[in-house]
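Undergrad: only geometry, no sequence info:
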């Protein structure tokens with residue numbers, strides 16, 4: 001697997017750990033939930049459980065990439081599969097965000113660009 005793919009996958013994983021923290025740990029902070037387009041504390045309270053759950057999805061995807069990187073030398077086939085699957089999932093989730101909330105283009109790019117670069121660079125640079 002090309003080093004550039006691994007680097008961009010690792011950046012995507014770190015971003016998804018940050019998303020986990022924002023969604024599952026710090027969501028009720030007004031600065032955080034306003035970043036997700038939630039205007040007030042009452043609406044944030046309604047979304048709290050869903051965001052908590054969503055944050056763990058992001059953490060598990062990041063964990064898949066980190067596991068793939070950890071097994072990079074000892075299990076290259078498993079490593080590649082984990083990294084590419086998790087990157088594909090992250091990218092597709094950004095497409096869902098684009099379709100469901102077209103006004104959140106910044107979030108789409110933050111969520112989807114690094115995994116897309118990891119995937120494309122894997123196929124172009126190998």
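TA: Received the coordinates, thanks. All values reported here derive from a predicted model rather than from experimental measurement.

Undergrad: for residue 46, give me the pLDDT.
TA: Reading off the confidence values, residue 46 has pLDDT 95.

Undergrad: what does residue 126 give?
TA: Predicted confidence (pLDDT) for residue 126: 82.

Undergrad: count of residues packed around the closest residue in space to it that isn't next to it in sequence?
TA: Beyond its immediate neighbours in the sequence, the residue positioned closest to residue 126 (C-beta to C-beta, 6 or more residues apart in numbering) is residue 2, lying 6.0 Å away. Quick note: C-beta positions are derived from backbone N, CA and C, even for glycine. The number of residues packed around residue 2, counting by other C-beta atoms under 10 Å, is 14.

Undergrad: please apply the same query to residue 9.
TA: Based on other C-beta under 10 Å, the number of other residues close to residue 9 is 30.

Undergrad: tell me if I'm right that it and residue 87 touch.
TA: Yes. A contact is recorded between residue 9 and residue 87 when judged using C-beta atoms under 8 Å, the distance being 5.5 Å.

Undergrad: ok now stretch 108-125, how far from the chain's centre?
TA: In this view, stretch 108-125 has its centroid 12 Å away from the chain centroid, taken as C-alpha atoms, centre = their mean, to the nearest Å.

Undergrad: buried sites along it?
TA: Neighbour counts over stretch 108-125 (16 or more other C-beta atoms under 10 Å) mark 108, 110-119, 121-122 as buried.

Undergrad: go on, stretch 85-102?
TA: Counting neighbours by 16+ other C-beta under 10 Å, the buried set in stretch 85-102 is 86, 87, 89, 90, 91, 93, 94, 97, 98.

Undergrad: how about the contacts made by the nearest residue to the second one once chain neighbours are set aside?
TA: Read it as residue 87. Setting aside the residues directly before and after it, residue 87 is nearest to residue 115 in space (C-beta to C-beta, 6+ apart), at 3.8 Å. The neighbours of residue 115, taking C-beta atoms under 8 Å, 6 or more residues apart in numbering as the test, are 8, 9, 12, 86, 87, 88, 90, 91, 94.
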